[in-house]
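Q: Generate a structure from the sequence data that follows.
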Amino acid sequence: MELLECKHLCKEFDNKQILKDINLKIPRGKIIGLLGKNGTGKSTFIKLINDLLTPTSGEILINGKKPGIDSKKIISYLPERTYLDKEMTIKEAIKYFEEFYENFDSKKAIKLLKDLNLDINTKISKMSKGMQEKLQLILVMSRTAELYILDEPLGGVDPATRDYILDTILSNFTEGASIIISTHLISDIERILDEVIFMNNGEIILTSSADELRNSEKSSIDEVFRRYFKC
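A: Below you'll find the predicted structure:
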């Protein structure tokens, strides 16, 4: 059974088709780049997987079941925009995750936070944007999930923070789990990818092993992406 499968998935808003006939299988144990320009349907696709939106037609199956309570238990999701209450302290955010998710490892989160020399009594509102991004990533990656979905985790942060985020992702996801990383910053992320999915205008236009794509095109994934999406 595939970890994630989409069959003829479509989504419309106000009679405008956002996703068109998406057919896709996501295996276990892979880091997968969901790649496309902004506004191509990546975030809508991710919200459908996370049961935050309902398909117009077609279906999504996670471990053979439609998205719902069971899938939320095994998916750890990092949205594009932070949802943490900025009046919380780091300690309170850890407690919130601990109470909300049975598979949250607070000891792991605290260890990762110590590596950043962050005082857990610090208010989130007093942290820089980069530190807030790191905190939210640590919370998401401290769950023992089967599927991690990260929506634009590198957007709006400096190169040093991007390196930290990628290293944290590589070092902390559950063995045998898969990660979907949605981004348009290909050059920063391609070194960690096993597979790639190119999305454009709500359609999947390419799926490939990262190595096979580099070998067949004799180019980096970033260069292939630029050719596909050249204006």
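
Q: Outside of the lowest-mean-pLDDT helix or strand in the chain itself, list whatever touches it.
A: Across the helices and strands of the chain, mean pLDDT, DSSP states H and E gives its lowest value to helix 159-172, namely a mean of 85. Residues from elsewhere that reach helix 159-172 (Cβ atoms under 8 Å, 6 or more residues apart in numbering): 31, 108, 112, 130, 133-134, 137-138, 141-142, 148, 150, 153-154, 157, 179, 181, 185, 188-189, 191-192. Just so you know, the C-beta spots here come from the backbone N, C-alpha and C atoms, and that holds for glycine as well.

Q: starting at the chain centroid, how far to it?
A: Relative to the centre of its chain, helix 159-172 is centred 13 Å away, using Cα atoms, centre = their mean, to the nearest Å.

Q: Show me which parts of that helix are buried, residue by residue.
A: Across helix 159-172, burial judged by 16 or more other Cβ atoms under 10 Å covers 161, 162, 164, 165, 166, 168, 169, 172.

Q: Name the SS class of the residue positioned nearest the centre of the chain, please.
A: The residue lying closest to the centre of the chain (Cα atoms, centre = their mean) is residue 150, at 1.6 Å. Classification of residue 150 by DSSP: H, G, I helix; E, B strand; the rest coil places it in strand.

Q: Quick check: beta-bridge partners of it?
A: Beta-bridge pairing for residue 150 (DSSP bridges): residue 78, residue 181.

Q: check contacts around it.
A: Going by Cβ under 8 Å, 6+ apart, residue 150 touches 78, 137, 140, 169, 179, 180, 181, 182.

Q: Okay, the fourth one and residue 148: tell me how far apart.
A: As for residue 169, its distance to residue 148 is 8 Å (criterion: Cβ to Cβ, to the nearest Å).

Q: Also the last one?
A: According to Cβ to Cβ, residue 182 stands 12 Å off from residue 148.

Q: do the same with the fifth one
A: Applying Cβ to Cβ, one obtains 4 Å for the distance of residue 179 from residue 148.

Q: Could you tell me which residues touch both of these two?
A: Listed as contacting both residue 179 and residue 148 by Cβ under 8 Å, 6+ apart are 169, 173.
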